[in-house]
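coordinates for the following, if possible.
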Amino acid sequence: MTSRKILASALGSFKIEGLELDIRSASEFRDLENGSVSASELRRRLLSRYSKSTVTK
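Residues are numbered from 1 along each chain as shown. Predicted coordinates:
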């Protein structure tokens, strides 16, 4: 299975659960898909943005 298919499957599962990616995250996942960012870099960005210490109530 190609990385494009894996990503499409994951995003499809996300939608089945009634969830949508925000615009910024969707753009970053497209960057992953086209190879302009690595999976580890995307992971770092997402963890930085959504970690408990940065999320406000």
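
what sits closest to residue 20 if chain neighbours are left out?
residue 14 (7.5 Å; CB to CB, 6 or more residues apart in numbering). Using the backbone N, CA and C atoms, a C-beta is placed for each residue, glycine as well.

is it true that the one you found touches residue 25?
No. Contact criterion CB atoms under 8 Å: residue 14 and residue 25 do not qualify, at 10.3 Å.

what about these two, which has more around it?
residue 25 (15 against 12; other CB atoms under 10 Å).

packing partners of the helix or strand containing that one?
Assigned by DSSP states H and E, residue 25 falls within helix 23-34. Helices and strands touching helix 23-34, by 3 or more CB pairs under 8 Å, 6 or more residues apart in numbering; DSSP states H and E, are helix 3-16, helix 39-50.

mind checking how far the residue nearest to residue 20 is from residue 21?
To residue 21, residue 14 is 7 Å away according to CB to CB, to the nearest Å.
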